[in-house]
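Asks: Build me a model:
(one chain, ligands or ions: 1)
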Amino acid sequence: MSKDNEGSKANKLFENSSLLSSPVPSSPSLPKRQLKRHRRPFTSKTNVPRHIKRRVQSFLYKLEAQNKMPKHITVALSGGKDSTTVAYFLAQLKDRFGYELSALFIQLGIPTFSSKSREVVEAIASKLDIPLHVVKPEKPLHKIVEEKAEEIRAGRFKICAACGVIKRYLMNKFCWEHFGKDGAIATGHNMDDELSFLFRNIFSQSGVTLPTKGPIAPGNEEEKLCTRLKPLFWVREAKIETFKDVLKKEGLPIVETECPFKEGNSQARIKAFIDDVEKLSRRHKLSNFPSSLLKYMVGLSPHISLDRSWRKQCKICGYPTSAEDSVCTYCKLMGRGKNGREAQNKVRQSKVG
Ligand SMILES: [Zn+2]
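Replies: Model (predicted):
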């Protein structure tokens, strides 16, 4: 089943998520103390900076304990609240844990939005005093949207999925070419993002991808895959939303405008669905059901050995792919491999500050 089909199937399922938001009678038998415990994660505001810092610290301690602390961490900075929060804490903790830190901005070529985001990211990197690198795909996203206009209208091509492919490819390529196995890429994925991936996979029946690697996905030298880190993996989005005010007070700007291509992205609907499930589970004394499920899936991951024999090297760029014709999705999106132009296709790159 193609990813697009999976996506539209998941979309349809979640369109009906409002069914679950109908009021549920409260349980009169639930003791007051227990109710307080269930609600605690959503009410505490004053300890949010400490809560997030502790989560990032414990993440770094775990890396250290497992002997996986990279020499260099590149934080993928988009200017949004999540990646800015990651950059903020990783910058604070870099001397204590002994890694070098830089930021990477991927200028996708979304009219106005990309250039405005770049300005914000430059201000953040300068304020945090970390070097910023900017990479651009050789074909800007708006050009891909023009080329695929008909397929997008027909629902056969999802621009958010293409954007994800470009970002993941360029993050890994940048990190691998600059730091190899000594480097790692850190992203701002939070617990709600991970839960939405998990639920999306459940509803699209991608059973094999259900166990998630958790906050640390080790790299693979043979496949030219950089280690990927998610320091906010166990932090709820609501906490980061609250933390935005602290970032602003610290003089860090945040990109407030939404990507113009975001419309139709099912993630927001899936997150609303998860909120509904969570409300239901709390009412029925099944506290934090979605996060318990996520913990279970992370715990399951080491016990499942996935068959990686389908992984091949892209015959154009050399990075891993599962495509039958051995040309990766990124190379296809960029139109590489046509008229023997592939050798000329180099990702444009520049360093700021
Ligand atoms: Zn390729």
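
Asks: Read off the pLDDT value for F59.
Replies: At F59, the model reports a pLDDT of 96.

Asks: Next, the contact list for it, please.
Replies: Each residue near F59 by Cβ atoms under 8 Å, 6 or more residues apart in numbering is listed here: P215, L229, P231, F233, W234. C-beta here means a position set from N, CA and C on the backbone, and glycine is covered the same way.

Asks: Quickly note the distance from the second one to the ion.
Replies: Applying Cβ to the ion, to the nearest Å, the value for L229 to the ion is 24 Å.

Asks: now that residue, nearest residue through space, not along the chain?
Replies: A186 (4.4 Å; Cβ to Cβ, 6 or more residues apart in numbering).

Asks: give the contact list for that neighbour.
Replies: So A186 contacts I73, T74, V75, A76, V86, L90, R228, L229, K230, P231 (Cβ under 8 Å, 6+ apart).

Asks: Would you agree K173 falls within a helix?
Replies: Yes: when classified by DSSP: H, G, I helix; E, B strand; the rest coil, K173 is found to be part of a helix.

Asks: Which stretches in the stretch 251-353 of the chain count as strands?
Replies: 312-313, 320-321, 348-352 (DSSP state E, counting those that start in this stretch).

Asks: who does the second one touch, helix- and strand-wise?
Replies: What that stands for is strand 320-321. For strand 320-321, the packing partners by 3 or more Cβ pairs under 8 Å, 6 or more residues apart in numbering; DSSP states H and E come out as strand 312-313.

Asks: Sheet partners, orientation included, of the strand it packs on?
Replies: Using DSSP bridges, the strands paired with strand 312-313 are strand 320-321 (antiparallel).

Asks: and Y61, how far is that from P215?
Replies: 12 Å (Cβ to Cβ, to the nearest Å).

Asks: quick one: which of those two has more around it?
Replies: Between Y61 and P215, counted using other Cβ atoms under 10 Å, the more crowded position is P215 (21 against 12).

Asks: Give me the nearest residue to the more buried one, chain neighbours excluded.
Replies: Using Cβ to Cβ, 6+ apart, the nearest residue to P215 is F233, at 3.7 Å.

Asks: and that neighbour, helix, strand or coil?
Replies: coil.

Asks: Please verify my assumption that it contacts D192.
Replies: No: judged on Cβ atoms under 8 Å, F233 makes no contact with D192 at a distance of 10.7 Å.

Asks: more neighbours, these two?
Replies: D192 (24 against 21).

Asks: Not counting sequence-adjacent ones, nearest residue to the more buried one?
Replies: Closest to D192 by Cβ to Cβ, 6+ apart is E237, at 3.9 Å.

Asks: who's in contact with the one you found?
Replies: Here E237 is in contact with D82, N190, M191, D192, D193, K271 (Cβ under 8 Å, 6+ apart).

Asks: Neighbour-wise, which one of the residues you listed leads?
Replies: N190 leads the contacts of E237 on contacts (other Cβ under 10 Å) with 26 neighbours.
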